[in-house]
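Chemist: Pasting a predicted model and its sequence here:
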Amino acid sequence: MSRLVIGVLGLQGAVTEHINQVETSGCNGVIVKKPEQLKEIDGLILPGGESTTMRKLIERYGFFEPLKQFSKQRKPLFGTCAGMVLVAKELSASSEAHLQLMDVRVKRNAFGRQKESFEAVLPIKGLDLPFSAVFIRAPYIEKAAQHVEIISTYENHIVAAKQDHILVTAFHPELTNDTRMIEIFIDMVKKSKNTVAL
Ligand SMILES: NC(=O)CC[C@H](N)C(=O)O
């Protein structure tokens with residue numbers, strides 16, 4: 001069977017770290033810089049970075065509608081940190097939401113100044129052993145619809161979740177050597193390919 005092709009939206013943020021993890025996990029990693037490339041990939045990672053800047057670049061490079069279409073086709077998406085902000089249907093503090101793909105309300109920079117960046121060892125649904133999660137000016141999910149599966153919480157806040165073909169984490173799984181989080185995503189991509197093939 002040919003290798004799965006996982007794209008990383010390459011407009012801004014932690015792109016190469018994700019590509020490295022994708023390749024370590026046995027898939028082909030592609031930096032996506034043009035909307036046409038979305039046709040060539042089986043799943044897409046929206047990396048961490050700065051969501052407001054990413055939104056501007058999404059508009060500038062004509063990605064807004066193509067990304068919505070990508071999701072409409074139920075192709076798997078993985079939003080990490082700023083990527084989670086981008087997919088949320090709602091943002092708190094009346095900020096304007098972006099792609100609005102997942103039924104969650106996200107609070108940006110939610111852990112406050114004392115906790116600009118920190119590491120926490122978290123139990124994750126589906127993993128036998130806890131995951132060492134790196135948070136950098138991280139958001140969290142303030143509110144999730146019933147059909148959103150909560151995968152992990154930290155101090156009672158939702159920091160990882162899944163809805164259908166969309167996975168999100170408030171932390172940066174690509175900044176550790178642990179590839180188990182990306183493997184959860186790769187499994188989703190594998191399953192979606194099998195469903196399409198049937
Ligand atoms: N590390 C990150 O991705 C930070 C996200 C950033 N606080 C934002 O809202 O865009």
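Modeler: Structure's in. What do you need?
Chemist: and residue 116, what pLDDT?
Modeler: Note on residue 116: pLDDT of 89.
Chemist: Look up the closest residue to residue 63, ignoring the ones flanking it.
Modeler: residue 35 (5.4 Å; Cβ to Cβ, 6 or more residues apart in numbering). Yep, even glycine has a C-beta here, placed from its N, CA and C like the rest.
Chemist: Give me the neighbour count for the one you found.
Modeler: 17 (other Cβ atoms under 10 Å).
Chemist: if I look at the spatially most central residue of the chain, how far off is the ligand?
Modeler: By Cα atoms, centre = their mean, the chain has its centre lying nearest to residue 79, at 1.3 Å. According to Cβ to the nearest ligand atom, to the nearest Å, residue 79 stands 10 Å off from the ligand.
Chemist: Check residue 92 too.
Modeler: From residue 92 to the ligand the distance is 11 Å (Cβ to the nearest ligand atom).
Chemist: Three-state assignment for residue 162, please.
Modeler: Using DSSP: H, G, I helix; E, B strand; the rest coil, the structure places residue 162 in strand.
Chemist: got a list of what it touches?
Modeler: By Cβ atoms under 8 Å, 6 or more residues apart in numbering, residue 162 lies in contact with 148-149, 151, 168, 188.
Chemist: what about the protein, any weak spots by pLDDT?
Modeler: The model of the chain has pLDDT under 70 over residues 1, 196-198.
Chemist: quick one, what contacts residue 96?
Modeler: Applying Cβ under 8 Å, 6+ apart, no residues contact residue 96.
Chemist: Tell me how many other residues crowd residue 163.
Modeler: Based on other Cβ under 10 Å, the number of other residues close to residue 163 is 18.
Chemist: ok now do it, which residues does it touch?
Modeler: 102-104, 145, 147-149 are the contacts of residue 163 under Cβ under 8 Å, 6+ apart.
Chemist: go on, residue 189?
Modeler: 4, 6, 27, 42-43, 76.
Chemist: Can you show me the helices along the chain?
Modeler: 15-24, 51-60, 64-72, 82-87, 180-197 (DSSP state H).
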